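>>> Got a predicted structure plus its sequence, pasted below:
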Amino acid sequence: MEKIKVSGIQLCSKTDILHRCNLGNLAFQNFKKIWMQGPKINLKTKLKIYEAQVTSVMLYNCNSWAATQKELHKLDVTQRKHLCYIIGMQWPKAVISNVTLYKRCELTPLSSRIESARWRMLGHILRSDENTPAQLALHFAVNADATMKGRVGRHQNNLFRILKYDLKRRDILLNCVDDLENLKVLASNRNEWRSLQQISVLKFFVYLYES
C-alpha cells in the first residue's frame, strides 16, 4: 500500500516519528565537522546550532502527533545519542547518565517539548473562529465522544484521546460540549494557559534537579 504524504509529513504518527529520526540523523551528519571541533567551538554555540539545524527537523509538525510514550522514546534516544557525540561522551569509552547529560547540555527531552507544542496548538484552536475547520472538528469530536456509542474492542490512539489525557493531567475535563465551552474561556486567558503549558517541563526539571 502506498504511503500518503502531505506537506513533507507522513499521515501516521509512528511512521512520521521514524522518518523524523532518520532526517535528524542526516541533519546531524551535515554538521559533523562542527561537532568534531572540540574546545575550538564552545559547547553553547554547538548546542545553539544543534537546536536550530537538527532539533527543528526532528520536531517538525510534532504538535499533531498522536503518539504513545513508547514511540516518542525513540526521539529522545536519538537526541541523547547526538548530545553524547557533541560533548564527546560516547560508549564504551565514556558513560554518562541521562540526567547528567541533560543537566550538562541544559536541554529537555524532545518528548516533553512535544507535549508543550501540542498544548500551544490546542490553545490556538480554542481561540480561533468557531467556523474554522479545526474548531468544527474539535466540536464534532467532543459531541461524538459524549453521545455516540464507541467502537468495539481496543480504542485506537488518536490526537483527541491524547489531548484529553493532557487535560486530565491538569485536572481538566472534556466530556461534553459544556466542558469545551469552559475550556475556550480558560484558553482566552493566555497567561493562565501558558502557566498550564509549563507543567510537563516543570515536572521534568523537578525530577532532574532532585536526582
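Nice, I can see it. Residues are numbered from 1 along each chain as shown.

>>> show me where the protein has helices.
Using DSSP state H, the helices of the chain run over residues 13-30, 32-35, 43-50, 56-58, 69-87, 98-105, 110-127, 133-147, 159-169, 177-188, 190-197, 199-210.

>>> Run through the protein and note the low-pLDDT ranges.
Counting by pLDDT under 70, the chain shows low-confidence ranges at 1-12, 150-155, 200-211.

>>> centroid residue for the chain?
Nearest residue to the geometric centre of the chain (C-alpha atoms, centre = their mean): residue 114, 1.1 Å.

>>> which residues touch that residue?
Shown in contact with residue 114 (C-beta atoms under 8 Å, 6 or more residues apart in numbering): 59, 62-63, 65, 67, 72, 75. No exception for glycine: its C-beta is placed from N, CA and C like everyone else's.

>>> how much space between it and residue 164?
Noted for residue 114: a distance of 16 Å to residue 164, by C-beta to C-beta, to the nearest Å.

>>> next one: residue 37
Per C-beta to C-beta, residue 37 is found 46 Å from residue 164.

>>> Pick out whichever of those two has more residues nearby.
The residue with more neighbours, out of residue 37 and residue 164, is residue 164; 18 against 11, by other C-beta atoms under 10 Å.

>>> Leaving out the residues flanking it, which one is nearest to that one?
In space, and not counting its chain neighbours, residue 164 is closest to residue 174: 5.4 Å by C-beta to C-beta, 6 or more residues apart in numbering.

>>> Burial check on the one you found, number of neighbours?
By the measure other C-beta under 10 Å, the count of residues near residue 174 is 20.

>>> Would you agree it is in contact with residue 162?
No - the criterion here is C-beta atoms under 8 Å, and residue 174 misses it with residue 162 at 11.7 Å.

>>> roughly how far apart are the residue lying closest to residue 170 once chain neighbours are set aside and residue 162?
Distances taken as C-beta to C-beta, 6+ apart place residue 196 nearest to residue 170, at 5.4 Å, with adjacent residues excluded. Going from residue 196 to residue 162 by C-beta to C-beta gives 16 Å.

>>> Please apply the same query to residue 41.
38 Å.

>>> Those two: which is more packed in?
With neighbours defined as other C-beta under 10 Å, residue 41 and residue 162 compare such that residue 162 has more, 19 against 13.

>>> give me every residue that touches the more buried one.
Contacts of residue 162 by C-beta under 8 Å, 6+ apart are 66-67, 118.

>>> what's the neighbour count on residue 96?
16.

>>> Likewise for residue 29?
Residue 29: 10 neighbours (other C-beta under 10 Å).

>>> so how far is residue 23 from it?
11 Å.

>>> Touching both of these two, which residues are there?
Residues within reach of residue 29 and of residue 23 at once, by C-beta under 8 Å, 6+ apart: there are none.

>>> about what we covered before: widest-spaced pair of the contacts of residue 114?
Greatest spacing in the contacts of residue 114, by C-beta to C-beta: 63 and 75 (13.8 Å).

>>> Report the separation between the residue sitting furthest away from the middle of the chain and residue 34.
Among the C-alpha atoms of the chain, the one most distant from their mean position (C-alpha atoms, centre = their mean) is that of residue 40, at 32.5 Å. Using C-beta to C-beta, we find residue 40 at a distance of 10 Å from residue 34.
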